[in-house]
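J.: Below: sequence and its predicted model.
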Amino acid sequence: MADFIHSVTLDKDKCLGCTNCIKRCPTSAIRVENGKARIISSLCIDCGECIRVCSHHAKIAVCQSLDVLEKYEYTIALPAPSLYAQFNNLEGPEIVVEGLRILGFDDVFEVAQAAELVSDATRKYIKATDSDKTIISSACPTISRLIRIRFPDLIDNLLPLLTPAELAGKMAKERAMRETGLPADKIGTVFISPCTAKASSIYSPIGLEKSNIDAVVSIKDVYTRLVGLLQQAEETCGISDSGRVGVSWGSSGGEGAALLTDSYLAADGIENCIKVLNEMEDEKLNNIRFVELNACPGGCVGGVFTVENPFISRVKLTSLRKYLPPYKNIIREDLVPEEYRWSSEMEYRPVMELDPDMEKAFAMMEEVERLTAKLPGLNCGSCGSPSCRALAEDIVRGYSTENACVFVLRDEVQHIADLLSKISGIGMGRKPIDEKKDDNRSK
């Protein structure tokens, strides 16, 4: 089974093995060995939590640079709605759209525009789906990956529609091919991403064999270049295709609110999302029709590629929305969700299984339970594993030993010390030799 390609990487030279990251990773994908962190690729979901908590900046988010503009004859910027929330006093997205053209892009296709179409398709999909089924948004790649490896029973609940970014890439390239006459490989669609998961998702796109996005650059990289061009952009102000509904996708609750129903739940922050998924797995949310989950705090505005505080960004989006009409796109009454459906099904990735052989897996699980009961249950992380149970699993898999636990090692050392004491005769009824008397005898 091939690993995901990740945008979260580790700089071992900066890592001091402090164990902060292993305690926050939602999939227990990090270990500390020989004083350095190690990321288990198959378990990592690119949520970026380790980047947020690493005080030594040893976890790094990487993606492509703006040099990618030189790779294609014609380039199209796909700005995420959260990009608009990085700037002050915007009265509309137009100035940012024009700034991207001045920056060097030949065209701009706003992801917010595609988000409006996805919202419309989602409403129709929900209406046509069994009313007892709770549908989970598939817009956040981190959540989709999390479900794929940790909550396989909920895979069927995922909304099987393209993400706004993928839809924008598809529509943008089709439009460019019509208008320029260039073949697809000469046209580059470049997504301006707020987070690591979206940067890596083009290598393993949700519901697609191949992504419609050719490259991903971070909002941080674009912002530093774009902010100086806004005055020039204001003088040549362009046109935006984003309405209030599409822009709202930039923060938590925006996607759910666009469905025009009260029967939805929106949660952000990876720990909160896991709690919701656990509730769903236990069938405790049957009265909720739609669940919107964003791994980043505050939604996409809280991604590690953004520059503004996510709480301030949400205020900026709220202010921006009041200048916009609900929709800039003409919503097609004949639209059917199948037009935006996944072209390939999502499959369970059993990366957390102890063994593919069921009998062996049960035996290993019993050993895990025995070791977990034996360990102190402090979940201190001193062993390099995130919890005592994770250490027990590592031991059973052959990646670690019981003595990795400092408390087990302490007891072992004490046991050896007691044995040595007994061997020397102390505590076994024999008096220790009086060294002074022996000295006198020798004299």
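T.: Yep, that arrived.

J.: where along the stretch 51-200 of the chain do the helices fall?
T.: Taking DSSP state H, counting those that start in this stretch as the test, the helices found in the stretch 51-200 of the chain are 94-103, 111-128, 141-150, 164-180, 196-200.

J.: what angle separates the second one from helix 164-180?
T.: Between the axis of helix 111-128 and that of helix 164-180 there is an angle of 120 degrees, by axes from the mean of the first three to the mean of the last three CA atoms, to 10 degrees.

J.: and helix 111-128, what does it pack onto?
T.: Using 3 or more CB pairs under 8 Å, 6 or more residues apart in numbering; DSSP states H and E as the contact definition, the elements that helix 111-128 packs against are helix 164-180, helix 244-248, helix 254-257. To be clear about C-beta, it is placed using only N, CA and C from the backbone, and glycine gets the same treatment.

J.: Can I get the last one as PDB, trimmed to CA atoms?
T.: Taking C-alpha atoms only, helix 254-257 is exported to PDB below (Å, rounded to 0.1, in the frame of the first residue of the first chain):
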ATOM      1  CA  GLY A 254     -20.100  28.800   5.800                       C
ATOM      2  CA  GLU A 255     -20.600  25.600   3.900                       C
ATOM      3  CA  GLY A 256     -23.400  24.300   6.200                       C
ATOM      4  CA  ALA A 257     -25.200  27.700   6.200                       C
END
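
J.: can you list contacts of that helix?
T.: With CB atoms under 8 Å, 6 or more residues apart in numbering as the test, helix 254-257 has contacts from 81, 115, 119, 122, 137, 139, 245, 247-249, 264-266, 290, 292, 299, 317.

J.: Validate this expectation: residue 414 resides in a strand.
T.: No - note on residue 414: no strand contains this position according to DSSP: H, G, I helix; E, B strand; the rest coil, which reports helix.

J.: quick one: pLDDT of it?
T.: Taken from the predicted model, the pLDDT recorded for residue 414 is 86.

J.: Take the helices of the stretch 51-200 of the chain and write them to a markdown table, including mean neighbour count.
T.: Output for the helices of the stretch 51-200 of the chain, formatted as a markdown table (neighbours: other CB atoms under 10 Å):
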| stretch | mean neighbour count |
| --- | --- |
| helix 94-103 | 21 |
| helix 111-128 | 23 |
| helix 141-150 | 24 |
| helix 164-180 | 20 |
| helix 196-200 | 28 |
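
J.: Which among the ones you listed is found nearest to residue 22?
T.: Ranking the helices of the stretch 51-200 of the chain by proximity to residue 22 (CB to CB) places helix 141-150 first, at 16.8 Å.

J.: Can you name every helix or strand that that closest one contacts?
T.: Using 3+ CB pairs under 8 Å, 6+ apart, the elements in contact with helix 141-150 are helix 196-200, helix 270-281.

J.: Mind putting those helices into a markdown table with mean pLDDT?
T.: Conversion of those to a markdown table gives the following (pLDDT from 0 to 100):
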| stretch | mean pLDDT |
| --- | --- |
| helix 196-200 | 92 |
| helix 270-281 | 96 |
